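Peer 1: Task: produce atomic coordinates for the following.
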Amino acid sequence: MREILMRWLPILIVALMPLAGCATTRPATYLVETKGPYQLDTGDSVRVTVYGDAELSSTYRVDDAGSIAFPLVGPVQVRGTTTTGAAARLAAALSNGFMRNPNVAVEVAEYRPFFIQGEIANAGQFPYVYGMTVRAAISTAGGFSDTANRDTAVVYRRQGNEMAKGVVGLDFPIFPGDTIVIEERWF
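Peer 2: Take a look at the predicted model:
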């Protein structure tokens with residue numbers, strides 16, 4: 001019996017080696033984009049600095065319409081733009097009869113929150129911190145429940161006018177406004 005086992009064991013190992021590649025637990029990442037500059041949206045707070053005018057320099061919240069209610073010029077649309085684009089729009093609005101060659105800088109003061117639900121301790125809305133991953137979001141929400149899938153998560157992210165969905169690993173970067181779902185594991 002031992003001779004038969006010793007003779008067939010190397011053949012069995014060689015035959016099963018191609019199947020070892022199928023056992024990977026690395027999740028596929030799809031549809032949810034991670035590249036590109038940050039784009040402003042409803043719920044963000046921006047710090048606007050107008051050089052030479054301390055009264056206009058303040059923190060403003062992007063409203064539901066995607067605009068900043070800016071003194072003198074009224075609402076300025078910033079949804080979908082970067083901070084550089086928002087600064088250019090504000091400068092253009094101010095130069096239209098209010099200031100000569102305005103120098104405007106815009107930076108994110110507070111990001112809009114992210115949302116997490118599913119098999120975690122505390123589902124809900126939480127403040128976003130730049131550079132967060134799914135793992136950090138789970139920690140912010142109090143950690144996994146006993147029945148949570150601890151390998152992957154589902155991330156929903158608005159991309160233009162579409163809602164994209166992706167199954168991702170725990171080190172996947174999240175953005176403000178993302179919804180993370182931790183699914184139940186199958187025993």
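Peer 1: need the contact list for N103.
Peer 2: 50-52, 91 (Cβ atoms under 8 Å, 6 or more residues apart in numbering). From N, CA and C alone the C-beta is placed, and that goes for glycine too.
Peer 1: ok, G66 touching D41?
Peer 2: Yes. Counting by Cβ atoms under 8 Å, D41 is a contact partner of G66 at 6.8 Å.
Peer 1: which neighbours do the two share?
Peer 2: Listed as contacting both G66 and D41 by Cβ under 8 Å, 6+ apart are 79-80.
Peer 1: now, the most widely separated pair of the contacts of N103?
Peer 2: Spatially, the most separated pair among the contacts of N103 is G52 and A91, at 12.2 Å (Cβ to Cβ).
Peer 1: which of those two has more neighbours?
Peer 2: A count of neighbours by other Cβ atoms under 10 Å puts A91 above the other of G52 and A91, at 18 against 11.
Peer 1: is it fair to say that one lies in a helix?
Peer 2: Yes. Counting by DSSP: H, G, I helix; E, B strand; the rest coil, A91 is located in a helix.
Peer 1: nearest residue to it other than its sequence neighbours?
Peer 2: Spatial nearest neighbour of A91, chain neighbours left out: V104 (4.4 Å); criterion: Cβ to Cβ, 6 or more residues apart in numbering.
Peer 1: wait, doesn't that neighbour sit right on T49?
Peer 2: Yes. With contact defined as Cβ under 8 Å, V104 and T49 form a contacting pair (7.1 Å).
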